[in-house]
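Novice: sequence unavailable; structure follows:
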């Protein structure tokens with residue numbers, strides 16, 4: 001086994017002494033060591049060497065360490081034979097065992113804790129200054145030291161209370177176990193990042209559910225609060241031996257009016273009802289450090305939804321930034337400097353890095369559990385891994401954080417004071433520079449200022465992108481009853497034709513007549529946002545219509561502060577909102593009903609990650625975390641589906657994905673929602689009605705669901721099939737049902753869960769008409785009935801429809817059986833002439849009974865999408881190409897052989913599919929109804945042109961007409977060949 005080198009014999013980082021006094025201080029240590037008969041240490045100092053020079057330099061630079069070492073040379077003696085970590089472990093073990101000493105009383109406990117802490121404190125400083133420890137290792141040892149001291153004091157107090165009959169412990173030997181007293185470490189203590197002379201922030205809670213609190217509940221608040229006062233005295237009070245740590249309990253809920261120890265339920269009610277955003281941020285670092293550790297973790301788990309919200313609460317970020325602005329306003333912290341600069345709270349300081357991290361944790365931690373960590377550097381790494389910040393920014397901030405934490409430690413090592421302010425006095429400032437390892441103060445100042453400026457730059461990019469209210473665009477005055485003439489001019493110049501109407505809208509908003517603007521804070525946010533808002537809307541076509549639509553959106557909002565804060569902090573999001581209001585009335589309706597759909601747009605990976613089924617499954621897994629009841633699951637599925645449909649649409653709007661990829665994404669989402677809904681419905685159904693022995697369900701997706709071509713507003717065509725053991729007639733539940741009734745009712749529940757319209761929206765409108773016998777047949781179809789019907793009774797159009805059948809969810813083996821049957825049915829011999837004749841007649845009948853509204857009715861227009869689908873389905877059912885489950889129309893067209901169609905015709909069909917798919921996906925995304933070219937929403941034409949790369953609408957309309965004629969010619973040619 002490798003033996004570690006004794007600390008005082010290892011290579012230590014050489015420090016430049018402040019002056020020539022080191023020999024005198026070493027002489028003082030030598031003399032005290034002689035008095036204490038520490039002969040080995042005396043010889044070591046007399047012999048001199050690099051390590052002795054290091055100790056001498058430290059003593060010139062740190063009055064605190066000089067005093068400790070001269071008074072206690074015995075702290076150095078063990079380091080002649082053991083490494084620093086071994087010695088620190090021994091000290092901490094001694095501290096942890098202090099309370100187990102028989103007959104110990106409070107005074108002797110206090111003395112023992114102080115002596116051991118002082119030794120450990122000095123040794124950690126030496127290891128840190130000698131570069132044996134990095135700053136984070138020093139922080140970890142300081143944290144362990146705090147935990148050991150707190151634990152020893154608390155165990156002493158718990159045993160004493162038990163012995164006096166005030167409380168009852170599970171075990172006197174392990175008094176903290178199940179004691180019901182929770183000690184949460186907060187801030188740097190909770191994050192295991194304690195600085196050298198740090199206060200320790202604590203929150204003390206009482207677990208009312210603990211069996212050892214029980215009937216003592218009313219008294220326990222008083223008992224434990226008094227116990228905490230004694231704990232503070234034991235740890236904090238200065239005696240002849242010094243102090244252990246300063247304790248701060250002011251982070252508890254409403255500290256001005258609450259006892260030191262709060263019941264868990266009281267704390268939870270406070271956080272859930274009155275908790276502020278800075279308290280959420282503080283709870284990120286909370287960690288049980290003493291007392292009933294298990295109860296502490298249970299409390300944090302219960303509090304988790306308050307800290308990590310499923311919906312992004314972007315107003316919290318403004319709150320955090322306002323705290324930072326107040327800090328800067330206090331004592332001129334707004335300027336970067338060297339002498340006298342606060343390296344924790346000042347610009348470019350430690351707090352800016354912490355806020356940089358915590359802000360993004362609050363934004364995304366609810367959805368990304370990887371961001372729920374306590375440690376600053378680890379979270380910077382996770383933010384980088386998840387794409388929230390770049391590698392360069394991460395590396396820069398990690399380096400800056402290490403530098404500033406080292407500076408912080410050295411400032412505090414001067415006099416063991418909880419300060420973060422660099423000295424103004426030149427000699428003390430120089431001491432900090434030399435303790436940092438610099439040979440000249442000027443070099444330290446250079447690196448310090450560079451670090452502070454680097455941090456400020458990154459922080460400013462996140463927090464301080466604040467628009468000036470004027471934006472240099474002219475007057476924007478919306479007070480009083482009359483229109484301000486200069487404001488009307490400004491609005492007209494921005495692009496509004498009805499400037500007076502826009503003034504009226506803005507006055508209504510600013511006077512708080514809508515719920516969204518009733519709070520002063522919401523109106524303040526709106527005021528800050530107004531110039532950018534009007535400039536963005538003014539730049540759109542038909543700006544007045546877009547602004548009026550935005551006004552309608554705001555009228556329905558229950559609160560506006562979240563949205564205004566979100567838009568102010570994310571200019572690209574404002575641009576997207578303006579695009580929606582100007583080009584996509586359907587999306588505008590969606591965000592009016594469910595504004596939370598915007599939350600997902602804060603994820604920086606939204607435009608770099610395609611929404612595949614795996615991607616959606618991972619997101620849904622985190623979104624459903626902690627959701628257990630049937631109704632909650634369905635509501636969360638509705639919320640998730642609405643948000644993800646919206647986000648897929650946004651990707652389509654900004655060109656990240658094309659129409660065909662959108663079809664795959666919408667289908668992947670539908671597959672997932674249908675599967676999760678069926679699972680939830682079955683679990684709830686089984687509780688009441690039990691199971692059918694051997695029962696298996698399979699859901700067939702038909703139409704565009706089956707062929708991976710869903711659009712934003714698509715219904716889902718489904719067929720529910722089932723089978724079971726032959727001799728079974730009823731289910732085995734508390735309320736047994738006959739088999740057919742069982743599956744009928746299950747299907748009804750399933751369809752209702754998918755299609756019910758609730759406050760959280762709707763999952764999907766369901767169409768079951770493609771089942772055998774359509775609306776005349778049972779809604780749940782036995783597999784053998786389906787098989788017999790398709791083989792013996794089905795119409796040709798039903799076999800055409802079956803070419804798009806695909807197993808979506810259900811029993812995996814049963815789905816395979818169903819899909820094998822579908823393959824077998826499609827493979828059956830057919831009369832090609834009859835099929836061609838019926839396809840042509842069907843197309844003509846549809847054209848007669850449901851003629852297209854206009855040339856933009858891309859599905860039913862002659863030579864439109866329907867013609868393409870008929871050609872593809874005809875090729876499958878007549879075995880021109882081999883059938884495969886889940887083929888898209890594009891897949892089929894790409895496989896058509898040249899003996900079926902000329903290559904040029906196949907190429908034309910491909911282009912038609914590309915054109916129709918991209919246009920129809922945009923139209924279905926933006927509009928509820930078909931597109932009327934005479935009343936096209938402002939901005940939609942630009943989206944359509946961009947989606948297919950054409951310059952103007954007349955060109956597109958001519959293209960649609962030409963392509964339609966060509967596709968119709970090909971369709972007719974194919975059918976005539978086989979007729």
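Specialist: It's in. Predicted, not measured: the structure shown is a model, and the values here were computed from it.
Novice: hey, which helix or strand in the chain has the poorest pLDDT?
Specialist: Ranking every helix and strand in the chain by mean pLDDT, DSSP states H and E puts helix 315-329 at the bottom, with a mean of 51.
Novice: remind me which residues of the stretch 551-700 of the chain are low pLDDT?
Specialist: Counting by pLDDT under 70, the stretch 551-700 of the chain has low-confidence residues at 598-605.
Novice: please enumerate the helices of it.
Specialist: Defined through DSSP state H, counting those that start in this stretch, the helices belonging to the stretch 551-700 of the chain, from first to last, are 561-569, 571-583, 585-593, 613-623, 630-653, 659-689.
Novice: so which of those helices gets nearest residue 164?
Specialist: helix 630-653 (46.7 Å; CB to CB). All C-beta atoms are positioned from the backbone trio N, CA, C, and that covers glycine.
Novice: the closest one versus helix 613-623: what angle between them?
Specialist: Angle, helix 630-653 to helix 613-623, by axes from the mean of the first three to the mean of the last three CA atoms, to 10 degrees: 140 degrees.
Novice: how about the helices of the stretch 551-700 of the chain in TSV, adding mean neighbour count?
Specialist: Compiled in TSV, those are given as follows (neighbours: other CB atoms under 10 Å):
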stretch	mean neighbour count
helix 561-569	24
helix 571-583	21
helix 585-593	19
helix 613-623	15
helix 630-653	22
helix 659-689	20
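Novice: do you know which of these lies nearest residue 108?
Specialist: Nearest of these (CB to CB): helix 613-623, 51.4 Å.
Novice: counting by contacts, list what the closest one packs against.
Specialist: In terms of contacts (3 or more CB pairs under 8 Å, 6 or more residues apart in numbering; DSSP states H and E), helix 613-623 is packed against helix 630-653, helix 659-689.
Novice: what's the closest of those to residue 612?
Specialist: Within these, the stretch nearest residue 612 is helix 659-689; the backing value is 6.0 Å (CB to CB).
Novice: how far away is the nearest residue to residue 415 once chain neighbours are set aside from residue 895?
Specialist: Taking CB to CB, 6 or more residues apart in numbering, and ignoring the residues beside it in sequence, residue 415 has residue 64 as its nearest neighbour in space, at 5.1 Å. Computed as CB to CB, to the nearest Å, the residue 64 to residue 895 distance reads 81 Å.
Novice: what do you get for residue 287?
Specialist: Relative to residue 895, residue 287 is positioned 60 Å away (criterion: CB to CB).
Novice: same check on residue 748?
Specialist: As defined by CB to CB, residue 748 lies at a distance of 40 Å from residue 895.
Novice: and residue 26, by the same measure?
Specialist: According to CB to CB, residue 26 stands 88 Å off from residue 895.
Novice: one step back: residue 748 and residue 895: who's more crowded?
Specialist: Ranked by neighbour count (other CB atoms under 10 Å), residue 748 and residue 895 place residue 895 first, with 17 against 13.
Novice: which residues touch the nearest residue to that one once chain neighbours are set aside?
Specialist: What sits nearest to residue 895 in space, not counting adjacent residues and going by CB to CB, 6+ apart, is residue 881, at 4.7 Å. With CB atoms under 8 Å, 6 or more residues apart in numbering as the criterion, the residues that contact residue 881 are 875, 892, 895-897.
Novice: make it 10 Å
Specialist: With contacts defined as CB atoms under 10 Å, 6 or more residues apart in numbering, the neighbours of residue 881 are 872, 875, 887, 891-897, 900.
Novice: quick check: phi and psi at it.
Specialist: Note on residue 881: backbone dihedrals following degrees, to the nearest 10 are phi -130, psi 160.
Novice: how much space separates it from residue 799?
Specialist: As judged by CB to CB, residue 881 and residue 799 stand 16 Å apart.
Novice: do the same with residue 376
Specialist: For residue 376, the distance to residue 799 under the criterion CB to CB works out to 63 Å.
Novice: higher neighbour count, those two?
Specialist: Applying other CB under 10 Å to residue 376 and residue 799 shows that residue 376 carries more neighbours, namely 23 against 19.
Novice: list the buried residues for whatever helix or strand residue 959 lives in?
Specialist: With elements delineated by DSSP states H and E, residue 959 resides in helix 953-978, which encompasses its position. In terms of neighbour count (16 or more other CB atoms under 10 Å), helix 953-978 has its buried residues at 956, 959-960, 963-964, 966-968, 970-971, 974-975, 978.
Novice: which pLDDT value belongs to the residue positioned nearest the centre of the chain?
Specialist: What sits nearest the mean C-alpha location of the chain, by CA atoms, centre = their mean, is residue 364, with 2.3 Å. Note on residue 364: pLDDT of 84.
Novice: grab the nearest non-local neighbour of it.
Specialist: Taking CB to CB, 6+ apart as the measure, residue 364 lies nearest to residue 371, with 5.5 Å between them; neighbours along the chain are not counted.
Novice: just checking, the one you found touches residue 284?
Specialist: Yes - the criterion here is CB atoms under 10 Å, and residue 371 meets it with residue 284 at 9.3 Å.
Novice: which residues are common contacts for these two?
Specialist: Residues touching both residue 371 and residue 284 (CB under 10 Å, 6+ apart): 308, 357-358, 361-362, 365, 379.
Novice: got the phi and psi for residue 203?
Specialist: Recorded main-chain torsions at residue 203 are phi -130, psi 130, according to degrees, to the nearest 10.
Novice: residue contacts, it?
Specialist: Contacts of residue 203 were listed using CB under 10 Å, 6+ apart, and they are 182-186, 190, 249-253, 255, 260-262, 267, 282-283, 286, 296, 299.
Novice: mind checking which of those are buried?
Specialist: Buried residues within those, defined by neighbour count using 16+ other CB under 10 Å: 182-186, 190, 249, 251-253, 260-262, 267, 282-283, 286, 296, 299.
Novice: in strands, which of those residues appear?
Specialist: 182-185, 261-262 (DSSP state E).
Novice: closest one of those residues to residue 6?
Specialist: The nearest one, if we look at these relative to residue 6 and count by CB to CB, is residue 185, at 32.7 Å.
Novice: any idea what the closest one is bridged to?
Specialist: residue 202, residue 287 (DSSP bridges).
Novice: distance check, it against residue 822.
Specialist: Residue 185 sits at a distance of 61 Å from residue 822 (criterion: CB to CB).
Novice: go on, residue 108?
Specialist: Look at residue 108 and residue 822: by CB to CB, they are 84 Å apart.
Novice: neighbour count winner among these two?
Specialist: Using other CB under 10 Å as the criterion, residue 108 and residue 822 rank with residue 822 on top: 24 against 12.
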